[in-house]
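A.B. asks: no sequence for this one, just the structure:
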């Protein structure tokens, strides 16, 4: 997600947080630096795996607690909206603490939340446990990029930040499908228990691998109004809420959708979910290759948004057409989903003032999770009122609105506004 952050944004993100980085080592990344990079990437992997775990286990969790899929989907909605509401407040509240102890505390809380999820005796206790995890999630994604950047020397910060992307993508390729396999074989509770066990090991690795880092400059609430007054940032924030809602209107219910509409087996659904992660890696390479120059950037945004809407519109015929057509649509959906995500983050950092780059990123994360929660809620409402077959069509209509916002407001604002140098 952070692969193409411009150098100015990378420096403002790290240096404004009291990070001087480590000494250069003749152009080479040291073993200690690699250990820090890999450990933070592993944390990104496990956090992303956990975030979307209920999607792959939605049917089993709902059946175990005697609720329908729409009610089960509220677990996704509540988690996402909690991250949305807590990202900026928690970032402001914790900005005075140094990175290393804050990271260890966040991962520890994350592990406790996973254990509580595995032991939850009912639906609402499980939701409470997921909200504990959401608090850890909100802080982690506000500090992870800076931690990765601070752990290495200046010339290696782009590699460190790219590791976050790799960890996130691998979570979709292996993490979510592996969790689903464990859930199908041993029960959904064992999936959360395995994450809790992995977190304990990860905590030990982070303790030894991540170097000490100084506390950063406190974030100020007074910085927030200037961000929403920027027409590009405002368009990006609004557009993010709409396209994320479109995306997760369909994606939140992809398991029951493929079961009920396509008649796919559990193994076929697991394979299909892996395709999202593979497509995400492809999308990151395409972004690095083609997201250059003003005209290319504008077209890239249009095409990626339109691709998400098109993929959602094609889900019904794809599901009825069998496994091959589903995989083809998932490739389009996954590539375009990663593409708009990285493009929007890149533009946020391009147009945000240096002193407020991290704040803008936290707002983006919060708004994106608002879209996740909104999409899950919309999908649940549509499936209840009109049936599961209408869910992706609803997502496609919302996606079309996101395309319109980009064409009418975002891209004209980008043409009129000078990026921050």
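C.D. replies: Yep, it's here. Just so we're clear, the structure is a prediction, and the values are computed from it rather than from any experiment.
A.B. asks: just checking, which helix or strand of this structure averages the lowest pLDDT?
C.D. replies: None of the helices or strands of the chain scores lower by mean pLDDT, DSSP states H and E than helix 7-15, at a mean of 40.
A.B. asks: could you point out which element follows it?
C.D. replies: Sequence-wise, the next helix or strand downstream of helix 7-15 (DSSP states H and E) is helix 31-51.
A.B. asks: next, the buried residues of that next one.
C.D. replies: Neighbour-count burial for helix 31-51 flags 32-37, 39-51 (criterion: 16 or more other CB atoms under 10 Å). All C-beta atoms are positioned from the backbone trio N, CA, C, and that covers glycine.
A.B. asks: can you tell me the centre-most residue of the protein?
C.D. replies: residue 48 (6.7 Å; CA atoms, centre = their mean).
A.B. asks: that one touches residue 171, doesn't it?
C.D. replies: Yes. Using CB atoms under 8 Å, residue 48 is in contact with residue 171, at 3.7 Å.
A.B. asks: what about residue 62, how many neighbours?
C.D. replies: 20 (other CB atoms under 10 Å).
A.B. asks: what does the pLDDT read for it?
C.D. replies: Looking at residue 62, its pLDDT stands at 89.
A.B. asks: go on, residue 239?
C.D. replies: 96.
A.B. asks: touching, it and residue 408? I think so.
C.D. replies: No. Contact criterion CB under 8 Å: residue 239 and residue 408 do not qualify, at 10.3 Å.
A.B. asks: who has more neighbours out of the two?
C.D. replies: Set residue 239 next to residue 408 and count neighbours by other CB under 10 Å: residue 239 wins out with 25 against 11.
A.B. asks: skip the chain neighbours and tell me the closest residue to that one.
C.D. replies: Among residues not flanking residue 239 along the chain, residue 405 sits closest, at 4.7 Å (CB to CB, 6 or more residues apart in numbering).
A.B. asks: check contacts around the one you found.
C.D. replies: Residue 405 is in contact with 235, 238-239, 242, counting by CB atoms under 8 Å, 6 or more residues apart in numbering.
A.B. asks: show me the two of the residues you listed that sit farthest apart.
C.D. replies: Longest distance between any two of these is 10.6 Å, between 235 and 242; criterion CB to CB.
A.B. asks: so for stretch 314-333, mean pLDDT?
C.D. replies: For stretch 314-333, the per-residue pLDDT averages 93.
A.B. asks: residue contacts, residue 303?
C.D. replies: Contacts of residue 303 by CB under 8 Å, 6+ apart are 336, 339.
A.B. asks: give me the three-state assignment for it.
C.D. replies: helix (DSSP: H, G, I helix; E, B strand; the rest coil).
A.B. asks: measure it to residue 335 for me?
C.D. replies: Using CB to CB, to the nearest Å, residue 303 is found at 10 Å from residue 335.
A.B. asks: rewinding a little: may I ask which of the contacts of residue 405 has the most neighbours?
C.D. replies: Busiest of the contacts of residue 405 [other CB under 10 Å] is residue 239, holding 25 neighbours.
A.B. asks: mind checking how far that one is from residue 95?
C.D. replies: 27 Å.
A.B. asks: so who does the residue nearest to residue 275 when sequence neighbours are not counted touch?
C.D. replies: Closest residue in space to residue 275, ignoring its immediate chain neighbours: residue 330 at 4.3 Å, by CB to CB, 6+ apart. Contacts of residue 330 were listed using CB under 8 Å, 6+ apart, and they are 272, 275-276, 279, 311.
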